[in-house]
Each structure stands twice: as C-alpha cells, then as structure tokens.
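**Student:** after the sequence you'll find the predicted model.
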Amino acid sequence: MPKHCWFVCFLLAYGLCNGQDTTRVEIDLKLLDGERLKVKVYPPADTEQKWKFVIPQIIPGTYMKINYVRSYRKIAAYDHAGAQLKTVKKGNVIHIRQGAHPLSHLEYEIEQSLGNGPVWDNILTCAGTIFTDSSYLFNFQLVNGYFEGYRKKPFKIIFTKEKDLYGAGSLKAITRTSQYDEFHATDYAELVDRPLLYATADTSSFQIKDHRFQIAVHSELGYVNASKVKPALQRIMHAVDTFSGFITSEDYYFILYYVNMDRIKGLFKTFGLGSALEHNASSVYYNSDYANYDTLFRNLDWIATHEYFHTIAPLTLHTEKIHDFNFARPDMSRHLWLYEGVTDYLSALVNTQSASLSNSMSRDFGYDLTYALKRKPRSLTQSSEHIIKSNMFNWLSKMLQLGNFYSKGKLVAFGIDMELLERSGGEMRLLDVLLKMRTDYEGKYIPDDQLLDKLAEYSFPEMRTYFAQYIGVVTT
Ligand SMILES: [Zn+2]
C-alpha cells in the first residue's frame, strides 16, 4: 500500500477515535456547591471562529415553552490561551465572539431546577434536575445545549464522582470506573432522550421473555427502594405483554425519584408533585416520599402503562415535528390527540382488560366526558397548535386545555376503536393499526398534514368522515 494511503487511513482512524465532530461535556459531581454544579463544554474540533451555543426552549413530550436558560449561570468562554472570550446572551442562544485564539471551551454553573421558577414557567421535575449531596437527576437540556451546526453530531459526557455513586439510565456507558464515567450519545436528541440518575446504587431488574427491564430508585427519606417497586412493575409489564407484546428493542429503564416533601415550598407543593415523562428506552417518575405509601404501588398501574405506550406514539410513530425536533423554538405537531389521547386510551384499556391492574375505564370515561364538555369547542388539531401559544397569563386555562387531550382525546380514540371493530367485523382494533404503522414507520416520519390520511389508508377510507368530525382537517 502506498505511503500516502496509510497516512489517510491513520487520519481517518484518528478522527474517528477522537471524535472530531463530538461535543464533550465534563461534570464534576464532587464540586456540588449548594444547588449548583460546574460544567465544562468543549466544542467539536473545527476552524469555526464564532460559535453559537443553543439552549432548548422546549423538549419532546412537554407542551410548554420553558426558559431553561435560567438554570445556566455564570457562562464564560475561554480560548486556547486561557483568555476569556466575550459572550452575548440573546434569548436562549449564547453568542461567543471571536478572540485572538479559537474557542477552547465554555464554563458555567447549572442550578437545580426543582422549584426555581414561577409556577407557569415550571420545569416538570421528572424532566428537570435535582442535586443533593447524595443524588443527582440529570435531564440534559438543563446540563448542556448544543453548538449550532452540531445538534445532529455526537456528544461525550464525562462525570467525575465519588466512588459510591452509580449513574443509572439508558445513556450508553463507554467507561465506568469508581471515580470516572464516560457516556456517549449519537446526537443531542438522543442525549435529551436518555436522562440519568446518579445516586448510591439502588437498582433491580427483571426479565419477561427476551426483554429486560431495569429499575433505579432514589428515595430521599428511604421509604421506597427498587426491590419494593419491582413486583409492581413486573405485574404491570406482564399485563402490557399480554395486551400488546413488547415494542422496545433494548433494555428499558424505570427511573423513580421520591422527594422529601419538606423540601418543597409554596405552589410547587400543589402543582409540582407527581409527574412522569416518557423516553424511547426509559421513563422518569417523580413522587413524594412518605412513610405510609401504597405498598402495591397502584399509582403506577396507569402512569407506567401510559409512559410505556408512548413508545408507540409519539416516540416511534410520529410526524416530522417530533422526528426532527426543534429544541430552539417550539413548533408543535397538530396530533397531540394521538400522542396523549390515544396513549391514555391504550393505558385505560390495558388497565381495564387486565385482572392484575386496577383502573376502571368506565370510571375514567365518566370523568373524561364531563371534563371535555367544559372545554372550548375547538378541533383537536387546532388545540394542539394553539397549546404552545399560551403561557403566563392564561396558564390555568392552558393546563385545562392540555388536560383535554387526555379526556376528549381518549374518548375520540375509544370512538375510533369502536368504528374499526364495527367495520372489520371485530377483526381490526386501533392497537393493531398503530402497531402496524409503528413497524412500517420506524426511523421515519409521516408528514404532519398527512397523518390522518395515513391512518385512513391503514384502516378504512370511510374513517376520514370520523376524523373530520372529531379530530380535524383531513387533506383529501
Ligand atoms: Zn403522556
């Protein structure tokens, strides 16, 4: 082989190993200062002179524009000679000015998000950060942004830590040692999709068929632990398996954080407790920690099935608005009725059909009907696009409208299921259609304005009439 070819191969190998297009993030858990942690972010190796560091305003699975940048403090940029570069913050973007030398890295502090904003700008705790001496919940939109142009490039996350802390979650670990962990994400969307819980290891796992489910718990007061939760999650996932089979292809993590209620103040005691968020290979649950908790964890029957069924929609079956998610500026899909309403319907259905679960669909439907009738008579597709427009001044009406996706959306899903069963002589369920579409569209998307048409294509053309009447505009 000629010499220059070896040289090219060497350069290629060097580039791959060192990840020339990789953004590197370093966090030292030993440097927790009150509720703040120091973060260093190294940009990809590039000749770029002016960098823009974008911090999200919204993340998948949430329907509010959030001022996440408020949790980033004392942002400073340094060049390779150690001199500080000028930075200008414009909204959620940090502009880094050109200096004598190229940018070496950014340094800043991240402040725990738990209760750090007004209630109408509240970061869902399951989607936020919690920092204590012995526990750290990381949702990465609150840890680092991305350099403009590198959102779809890899990220390397390095944690330095005390030896008894274990990082649990679906983020891919490259190295784990007693004092140093290194993780990798293929792009920013994957990083945000894979939160981590660092705490003294309290984990458990179980297997159903070929599928492994991991559990990680942190209970601030110590009332709950992974082995206590495990039987409930096993019971729930057995019910899911019987109902629909499993759809996730890798280990699935249940991350549960139980907070000491005494730490929560004001309105957050009312509005901030009890939340959960879905991801492709995990779901995060935030609850209060108290002595007389339900030992059967019946509250998980609904919420854990709901979060798991999100792996159908929107996590896999979705439109371009989710597939190529715009973190910088909210751009809502019009199909929240599918993402939340249908998901909640599937959860209600499995809870009703499985003897081992507790919720009653008829009880839910009575409530849902009353709730839906009180809301604005607006099409579900219009409501989806509108939901992001409201914030501070109409926060409460926004919350009520959002709730309608779980109520009216669930009733509409029930209606679709009944129509399909009737038209197919009992052969076709909504679940069957969704699972087929999910398989066909894995790794792809359906254009936002064509989703209803596709649904009609996969079921019956006559369903367009139902969609037009109860959901929104059908294009053809
Ligand atoms: Zn949901």
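**Tutor:** Looks like it came in fine. Residues are numbered from 1 along each chain as shown.

**Student:** quick one: the helices in the stretch 101-250 of the chain?
**Tutor:** Using DSSP state H, counting those that start in this stretch, the helices of the stretch 101-250 of the chain run over residues 188-192, 226-244.

**Student:** which residues are contacting the first one?
**Tutor:** If I follow you right, that is helix 188-192. 56, 59-60, 139-141, 146, 150-152, 155, 157, 171, 185, 325, 327 (Cβ atoms under 8 Å, 6 or more residues apart in numbering). Yep, even glycine has a C-beta here, placed from its N, CA and C like the rest.

**Student:** okay, now the unreliable bits of the protein?
**Tutor:** Scanning the chain for pLDDT under 70 picks out the ranges 1-18, 47, 119, 266-272, 359-363, 390-394, 473-476.

**Student:** could you chop it up by domain?
**Tutor:** Under the assignment automatic domain parsing, the domains of the chain span 23-196, 202-311, 312-476.

**Student:** now those in JSON lines, with mean neighbour count?
**Tutor:** JSON lines is the format used below for those (neighbours: other Cβ atoms under 10 Å):
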{"stretch": "domain 23-196", "mean neighbour count": "18"}
{"stretch": "domain 202-311", "mean neighbour count": "18"}
{"stretch": "domain 312-476", "mean neighbour count": "18"}
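
**Student:** re earlier: among the contacts of helix 188-192, which lie within strands?
**Tutor:** Under the assignment DSSP state E, these contribute 146, 155, 157, 185 to strands.

**Student:** centre of the chain versus stretch 329-340, how much separation?
**Tutor:** Here stretch 329-340 is found 14 Å from its chain centre; the criterion is Cα atoms, centre = their mean, to the nearest Å.

**Student:** equivalent analysis for stretch 90-102, please.
**Tutor:** 29 Å.

**Student:** what does it rub up against?
**Tutor:** For stretch 90-102, contacts defined as Cβ under 8 Å, 6+ apart pick out 47-57, 67-69, 75, 77, 79-81, 83, 85-89, 103, 106, 145, 148, 328.

**Student:** just list the residues touching residue 313, thanks.
**Tutor:** Counting by Cβ under 8 Å, 6+ apart, residue 313 has contacts 338-339, 342-343, 434, 438.

**Student:** would you turn these into a markdown table with distance to residue 214 and secondary structure?
**Tutor:** As requested, those are arranged in a markdown table below (distance: Cβ to Cβ, whole Å; DSSP: H, G, I helix; E, B strand; the rest coil):
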| residue | distance to residue 214 | secondary structure |
| --- | --- | --- |
| 338 | 28 | helix |
| 339 | 25 | helix |
| 342 | 27 | helix |
| 343 | 22 | helix |
| 434 | 26 | helix |
| 438 | 23 | helix |
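
**Student:** need those in a markdown table with distance to residue 215, can you?
**Tutor:** A markdown table is the format used below for the contacts of residue 313 (distance: Cβ to Cβ, whole Å):
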| residue | distance to residue 215 |
| --- | --- |
| 338 | 29 |
| 339 | 25 |
| 342 | 27 |
| 343 | 22 |
| 434 | 27 |
| 438 | 25 |
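
**Student:** now do the contacts for the nearest residue to residue 376 once chain neighbours are set aside.
**Tutor:** If the residues on either side of it in the chain are set aside, residue 376 comes closest to residue 401, at 6.9 Å by Cβ to Cβ, 6 or more residues apart in numbering. Contact analysis of residue 401 by Cβ under 8 Å, 6+ apart lists 375-376, 383, 386-387, 390.

**Student:** same check on residue 232?
**Tutor:** Contacts of residue 232 (Cβ under 8 Å, 6+ apart): 296-298, 300-301.

**Student:** switch the cut-off to 6 Å
**Tutor:** 297, 300 (Cβ atoms under 6 Å, 6 or more residues apart in numbering).

**Student:** in three-state terms, label the residue nearest to residue 376 for me.
**Tutor:** Judged by DSSP: H, G, I helix; E, B strand; the rest coil, the three-state class of residue 401 is helix.

**Student:** going forward, begin numbering at 36 instead of 1
**Tutor:** Got it, the first residue is 36 from now on, which makes the last one we talked about residue 436.

**Student:** distance check, it against residue 272.
**Tutor:** Distance, residue 436 to residue 272, by Cβ to Cβ, to the nearest Å: 32 Å.

**Student:** do residue 448 as well
**Tutor:** 22 Å.

**Student:** and if you look at residue 211?
**Tutor:** Counting by Cβ to Cβ, the gap from residue 211 to residue 272 is 26 Å.

**Student:** which stretches of the stretch 386-511 of the chain form helices?
**Tutor:** Using DSSP H, counting those that start in this stretch, helices in the stretch 386-511 of the chain cover 396-409, 415-421, 430-458, 465-475, 486-493, 498-505.

**Student:** ok now the shortest one, how far from the chain's centre?
**Tutor:** For helix 415-421, the distance from its own C-alpha centre to the chain's C-alpha centre is 21 Å (Cα atoms, centre = their mean).

**Student:** which strands and helices sit next to that helix?
**Tutor:** Here helix 415-421 touches no other helix or strand, going by 3 or more Cβ pairs under 6 Å, 6 or more residues apart in numbering; DSSP states H and E.

**Student:** ok, 10 Å please
**Tutor:** On a contact count with 3 or more Cβ pairs under 10 Å, 6 or more residues apart in numbering; DSSP states H and E, helix 415-421 meets helix 371, helix 430-458, helix 498-505.

**Student:** same deal with the last one?
**Tutor:** Using 3+ Cβ pairs under 10 Å, 6+ apart as the contact criterion, the secondary-structure elements in contact with helix 498-505 are helix 415-421, helix 430-458, helix 486-493.

**Student:** and if you look at the first one?
**Tutor:** Packing partners of helix 396-409 (3+ Cβ pairs under 10 Å, 6+ apart): helix 378-388, helix 430-458.

**Student:** could you dump those to CSV with distance to residue 263?
**Tutor:** Output for the helices and strands packed on helix 396-409, formatted as CSV (distance: least, Cβ to Cβ, whole Å):
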stretch, distance to residue 263
helix 378-388, 21
helix 430-458, 28
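
**Student:** the residue nearest to residue 411 and residue 409, how far apart?
**Tutor:** For residue 436 relative to residue 409 (Cβ to Cβ), the value is 11 Å.

**Student:** show me the contacts for the nearest residue in space to residue 360 that is not next to it in sequence.
**Tutor:** The spatially closest residue to residue 360, leaving aside those adjacent along the chain, is residue 95, at 5.3 Å (Cβ to Cβ, 6+ apart). Listed by Cβ atoms under 10 Å, 6 or more residues apart in numbering, the contact partners of residue 95 are 162, 176, 224, 227-228, 312-315, 345, 349-350, 353, 356-357, 360, 362, 374.

**Student:** nothing else from me, thank you.
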